[in-house]
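1. mind folding the following:
(one chain, ligands or ions: 1)
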Amino acid sequence: MESDTKHLLRVSGISIQEKGNFTLQDISFNQQESQKIAIAGETGAGKSTLLKIIAGLIQPDAGEVWCEDERVLGPAEKLVPGHPGIAYLSQHFELPKSLRVEQVLRYANTLPGNEAATLYEICRITHLLERRTDHLSGGEKQRIALAKLLISSPKLLLLDEPYSNLDAVHKNILKSVVRDVGERLGITCTLTSHDPLDTLSWADEIVVIRGGKLLQQGSPEQIYRRPVSEYVAALFGSYNLIVPEQAEEFYRSLGMEPTEKHLLIRPESFKVVTDKSQVLVGAVQAVTFYGSYYELEVRLKGGSTVTVRTTENKAGKGDTIYLSVAIDSVGYV
Ligand SMILES: Nc1ncnc2c1ncn2[C@@H]1O[C@H](COP(=O)(O)OP(=O)(O)OP(=O)(O)O)[C@@H](O)[C@H]1O
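-> The predicted structure follows:
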C-alpha cells in the first residue's frame, strides 16, 4: 500500500468489450508524478478508449483507475463525468464559435491575472487573445483548447494524438508547449501517438498496446532496442529480421550464441568496417541517399538481405562490404 502512494495514476485491470470482443483487456500500469508516459499502438489498438477511461469518460467493464488516493468514477457512477484532477484533450476538441479568444478563456478562468498570463504565454497564445475563434488555424485552436483545460490546474493531462493533424511548424510549437506544461506548470502528462518520433524523444516510459492488450512497457531505449515482438519493433522504426535458418553466419561471424528466435537488428546497428575479422561479408545491391544518411541494401553470404544505415558511404552497387554488429544491439523476437 505504501508504494501505491507514490503514484499519481494507477490503472488496474481495465477491460472493456464491445459486441463480445475486447477493446481493452486487463490493462494495468502506474504513473508517478512528473513521469511522462506515451501510449503507442497502431490505429484501433484501443489508445483513445484507454485515455477516455482514465479520464472517467467511458465506463470500463472491469478494473479501476485511481488518481492519487481517489478512485476515478466512470459515467455510470457519477452524474457529471470526469475527475477534477485530470484534464483530457480529445482529438475532436471544440471551441465556441464567433467569440474572441480572450472571451472564451475569461468564461473559464478562475486564476489570478499573472497566473493566467503565464499560462497563456506557456501555451503560446498571448498574441491570439484578441482574435476571433473562427479566425484561427487548427494548431492555434488546439493550444487555446489546451489553455482552457489547464485553467483548472489539473494534476494529470491526457492528450489524445495531439500531433496527428499538425504541420511541422505547429507540431514543433506544441512540442515546446507540452514540455513547458510539464516543466514550468508541474503537470504530469500522458499522450497517445502512433508516430515513434513523437514518443521516443519525449517519454520516460512507453506503453505499447495492440488489439487492446498491453504488449510491452519500458523506457524508450528498451522498447526501441529490445522490442518483445516484431509488432513493437515496427512501431518504432525500420528493422532487419533474420530468420533462424539464415542466422548461422551471424552466430559464427559475430561470436553470438545460437538461438531459436529471430534476430532483430536496426539498420543503424550495422557498422561498415575495413577490418575483415569477425565480420559479415556481403554484396551491395542498392544505395539510397536520404540527406543525413545512406541506406545500403546488402545481400549477405549466408543468403539474407539486410538494410544498413550509415552516415558515410563509399560503396556502390556490386561492391563487397564488411559489416560488424555490436552483440548488445541485437534483439530477439
Ligand atoms: N465506448 C466504447 N466501448 C467499447 N469499445 C469501444 C468504445 N469506443 C470505441 N470502442 C472500440 O475501441 C476500438 C479501438 O478504438 P480506439 O479509438 O480506442 O483506438 P485507437 O488506438 O485510439 O485508434 P485511433 O488512433 O484510430 O484513434 C475500436 O474498434 C472501437 O470499436
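
2. remind me which residues of this protein are low pLDDT?
-> 1-5 (pLDDT under 70).

3. domains of it?
-> According to the domain assignment given by the TED database, the chain is divided into the following structural domains: 7-235, 240-332.

4. what's the most buried one of those domains?
-> Of the domains of the chain, the one with the most neighbours on average (mean count of other C-beta atoms under 10 Å) is domain 7-235, at a mean of 18. Quick note: C-beta positions are derived from backbone N, CA and C, even for glycine.

5. which stretches of the stretch 201-333 of the chain form strands?
-> Under the criterion DSSP state E, counting those that start in this stretch, the stretch 201-333 of the chain contains strands at 205-210, 213-218, 240-242, 263-265, 270-273, 280-289, 294-300, 305-310, 320-325, 331-332.

6. how about a markdown table for the domains of the chain, with distance to the ligand added?
-> What follows is these, written out as a markdown table (distance: least, C-beta to the nearest ligand atom, whole Å):
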| stretch | distance to the ligand |
| --- | --- |
| domain 7-235 | 3 |
| domain 240-332 | 24 |
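
7. dump the strands of the stretch 201-333 of the chain to TSV, plus distance to residue 55.
-> Shown next, in TSV, are the strands of the stretch 201-333 of the chain (distance: least, C-beta to C-beta, whole Å):
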stretch	distance to residue 55
strand 205-210	16
strand 213-218	18
strand 240-242	37
strand 263-265	35
strand 270-273	43
strand 280-289	44
strand 294-300	41
strand 305-310	39
strand 320-325	44
strand 331-332	34
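
8. mind checking how far the longest helix seen in the chain is from the chain centre?
-> Among all segments of the chain classified by DSSP state H, the helix with the greatest residue count is helix 168-183. What separates the centre of helix 168-183 from the centre of its chain is 15 Å, taken as C-alpha atoms, centre = their mean, to the nearest Å.

9. what does stretch 229-248 give?
-> What separates the centre of stretch 229-248 from the centre of its chain is 20 Å, taken as C-alpha atoms, centre = their mean.

10. can you check stretch 123-143 too?
-> With C-alpha atoms, centre = their mean as the basis, stretch 123-143 stands 26 Å off its chain's centre.
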